[in-house]
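*Asks:* Kindly generate the corresponding structure for this input.
(one chain, ligands or ions: 1)
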Amino acid sequence: MKFWQRSPAAQAAEGGSDTLLPGPDAAHPIGRLGLFLRAEDEADYVQANWAQIAGRLRLLGLVGGGAFFMASVVDWLHLHGQAPFLGLLALRLGVLALGLHLWRTARAVGVHSPVALRYALILFELGVIVAFRLVNVGYGNYSPNQGLSALLMTLAFYAFVPMLAPANFWLLPLATLTLLAQSLWWFEVPMKELATLLVMATFVHILGWAAAAQNARGRRLAWLDSRRLAREMKERRAAESNLQHLFEVCPVPLVLSAQDDGLVLRFNQAAQNLLDPAGRFSEPGTAWAGEFYVDAQVRQQVGEALRARGQVGPMDARLRSAEGDPIHVMLAARSLHFDGQDAVLTSLVEITERKRRELRLARLVQTDALTGLYNRTGFFERSQALLAKADRADCSVLLMDADHFKRVNDTYGHAVGDVVLQQIASRMSTVLREGDVLGRIGGEEFAVFLPNTSKRAARLLAERIRQIVDRHALRVQGQRVPMSLSIGVALVLPTERTVDAALSRADAAMYRAKQSGRNRVEVSA
Ligand SMILES: Nc1nc2c(ncn2[C@@H]2O[C@H](COP(=O)(O)OP(=O)(O)OP(=O)(O)O)[C@@H](O)[C@H]2O)c(=O)[nH]1
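*Replies:* So this is what the prediction gives:
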């Protein structure tokens, strides 16, 4: 490590990493002089700040070189007709040439060359120092004015010229040292005359050096910050656009809505297809998330959970599309912050088909395949549900058994027996009201649950069923099949929570009907 470089420990103590630049010195890239330690970083910096750095150096080359040359007028006044005049003129022309070279290098448009610029500056500085010493030789003396003006120029240089290399720092003290040395040994100026200059020079160089280093460091740190900021912005924009893309192409329907008023901020394509295929709400802010819920209660439940826990689901919910088509979904929602406002991201998985299958399966499990009526399981479940709703109103049951059904099978065959059972079922259905529950609970055994029906009304209904089967013989495959039913009637007692006991009583009554000659209605006591 060069001695003017700050130690990594010292830099770490100042606040850690200066930059995100890669490489071995990436964590501490700026040295004691405020310059980047790595030449590539320094070149990058100059390149990125070309307008400002090159602008100053153009001015320095032009004005500095020009001023040095213009001083020929002073030479002419003092040395007119003497030999050194022409030598100094040539010298000043040389410095002017170096100034113009610096100006030209700093003027480069399009392709910039930071390294060439650095060398052009060093060359110009060196040229000026050498020229000053030779000018002094030409004049053949030293005056305190020279020392003071040299110090003024040094100060201006520290303040104005952008430092591009350590040499820029070293050349300035070198200029003063050569001036002192020349005055002391060439012109034999007594040390006591030079003492003031020495003290002032020390003061100017220490302050100038510190200010220039601090200036260089500050500018480089600011550049690193702006670069890091730009990179972070770019990464953030890329991440946002990735998220946006993911949101759009995600096959799961996603809805983004405002937390406070529930206005839909955005649907992704899948949600659009599911909820609004006709694109009625394609404009942001035209749809309200709540209007897609079928149940206001579920909507409220989701809202409350989001407010309390910031998330809800997965849960089943019934929605309807913009056109009002029912949709079953599995829904999960989460509160988040989007575009400066509180929002809710809701993901939906459509389960309409699954729900339909479940419903079909449930129906299948409850349905008698032959007649399409409830089977035993279905009859009990449905009756149970209605009984629970019926409260204390009268409910009755009928138990109906086909008489001598074995004979039908034996005479016409089992297939005809099946059709007979179907026809009995359909005739029964014509008599029953909507809400009555009819089921085939055994081979040739049917049951009816009659909600809100007194025993007397149930008896009349049973009689009508008996008659509708008995009065007109069934016709199957062109054959006349006489058929009759024995029916037992029972009331569900107000204390009974199930229909089982009432059905047992109806069964007993039906048995009595069989015993009493069949084709009859018997009522349980
Ligand atoms: N075709 C057909 N026959 C059935 C079905 N389920 C039960 N059976 C028949 O129904 C008949 C019932 O006969 P039983 O229990 O002896 O009674 P029944 O002949 O109706 O005489 P009673 O009930 O005493 O009037 C049997 O022959 C069963 O095979 C069915 O799904 N299809």
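*Asks:* Quick check: the gap between whatever residue of the stretch 101-250 of the chain ends up closest to the ligand and residue 344.
*Replies:* Residue of the stretch 101-250 of the chain nearest the ligand, by C-beta to the nearest ligand atom: residue 250 (52.7 Å). Using the backbone N, CA and C atoms, a C-beta is placed for each residue, glycine as well. Residue 250 is 16 Å from residue 344, where distance means C-beta to C-beta, to the nearest Å.
*Asks:* got it, and residue 192?
*Replies:* In terms of C-beta to C-beta, residue 192 sits 86 Å off from residue 344.
*Asks:* Pick out whichever of those two has more residues nearby.
*Replies:* Using other C-beta atoms under 10 Å as the criterion, residue 192 and residue 344 rank with residue 344 on top: 25 against 7.
*Asks:* mind checking the SS state of the more buried one?
*Replies:* When classified by DSSP: H, G, I helix; E, B strand; the rest coil, residue 344 comes out as strand.
*Asks:* Tell me which other helices or strands the one helix or strand residue 247 maps to touches.
*Replies:* Per DSSP states H and E, residue 247 falls inside helix 191-249. Here helix 191-249 touches helix 39-48, helix 144-160, helix 166-181, going by 3 or more C-beta pairs under 8 Å, 6 or more residues apart in numbering; DSSP states H and E.
*Asks:* So what touches the second one?
*Replies:* The contact list for helix 144-160 (C-beta atoms under 8 Å, 6 or more residues apart in numbering) reads 56, 60, 132, 136, 172, 175-176, 179, 183, 193-194, 196-197, 200-201, 204-205, 207-209, 211-212.
*Asks:* In it, which residues are buried?
*Replies:* Across helix 144-160, burial judged by 16 or more other C-beta atoms under 10 Å covers 146, 147, 150, 151, 153, 154, 155, 157, 158.
*Asks:* how big is the angle separating that helix from helix 191-249?
*Replies:* Here helix 144-160 points in a direction 10 degrees away from that of helix 191-249 (axes from the mean of the first three to the mean of the last three C-alpha atoms, to 10 degrees).
*Asks:* how distant is helix 144-160 from the center of its chain?
*Replies:* 59 Å (C-alpha atoms, centre = their mean, to the nearest Å).
*Asks:* rewinding a little: which of the buried residues of helix 144-160 lies at the shortest distance from residue 323?
*Replies:* Compare each of the buried residues of helix 144-160 with residue 323 using C-beta to C-beta and the shortest gap goes to residue 158, at 77.3 Å.
*Asks:* Do you know the pLDDT at the closest one?
*Replies:* At residue 158, the model reports a pLDDT of 94.
*Asks:* follow-up on the earlier one: also near the ligand: which of the contacts of helix 144-160, exactly?
*Replies:* Among the contacts of helix 144-160, no residue lies close to the ligand (C-beta under 6 Å from any ligand atom).
*Asks:* Show the buried residues in these.
*Replies:* Those of the contacts of helix 144-160 that meet the buried threshold are 60, 132, 136, 172, 175-176, 179, 183, 194, 197, 201, 204-205, 208-209, 212, by 16+ other C-beta under 10 Å.
*Asks:* Identify the farthest-apart pair in these.
*Replies:* Among the buried ones among the contacts of helix 144-160, 60 and 194 lie farthest apart (C-beta to C-beta), at 28.2 Å.
*Asks:* picking up where we left off before, next, the angle helix 39-48 makes with the helix holding residue 247.
*Replies:* Going by the same axes, to 10 degrees, helix 191-249 makes 80 degrees with helix 39-48.
*Asks:* next structured bit after helix 191-249?
*Replies:* strand 254-258.
*Asks:* partner strands of that next one, parallel or antiparallel?
*Replies:* strand 264-267 (antiparallel), strand 341-350 (antiparallel) (DSSP bridges).
*Asks:* what's the least confident stretch among those?
*Replies:* strand 264-267 - the lowest mean pLDDT of these, at a mean of 87.
*Asks:* Show me how far that one is from its chain's centre.
*Replies:* Distance, stretch centre to chain centre, for strand 264-267: 14 Å (C-alpha atoms, centre = their mean).
*Asks:* On the C-terminal side of that strand, identify the next helix or strand.
*Replies:* Next element after strand 264-267 (DSSP H and E): helix 269-275.
*Asks:* Any figure for the gap between residue 403 and the ligand?
*Replies:* Taking C-beta to the nearest ligand atom, to the nearest Å as the measure, residue 403 falls 4 Å from the ligand.
*Asks:* swap that for residue 388, sorry
*Replies:* 31 Å.
*Asks:* average model confidence for the host helix or strand of residue 86?
*Replies:* Taking DSSP H and E as the criterion, residue 86 maps to helix 83-107. Averaged across helix 83-107, the pLDDT comes to 95.
*Asks:* May I see the buried residues of stretch 516-525?
*Replies:* So stretch 516-525, judged by 16+ other C-beta under 10 Å, has buried residues 519, 520, 521, 522, 523, 524.
*Asks:* ok, the residue lying farthest from the centre of the chain to residue 88 distance?
*Replies:* Relative to the centre of the chain, and counting by C-alpha atoms, centre = their mean, the farthest-placed residue is residue 81 at 83.1 Å. From residue 81 across to residue 88, the span is 13 Å (C-beta to C-beta).
*Asks:* ok, now residue 425?
*Replies:* Taken as C-beta to C-beta, the span from residue 425 to residue 88 is 131 Å.
*Asks:* coming back round to it: could I get the helices and strands packed on helix 191-249 as a markdown table with distance to residue 365?
*Replies:* Converted to a markdown table, these look like this (distance: least, C-beta to C-beta, whole Å):
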| stretch | distance to residue 365 |
| --- | --- |
| helix 39-48 | 75 |
| helix 144-160 | 94 |
| helix 166-181 | 90 |
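*Asks:* wait, which of the ones you listed is closest to residue 410?
*Replies:* So among these, helix 39-48 is nearest, using C-beta to C-beta, at 104.7 Å.
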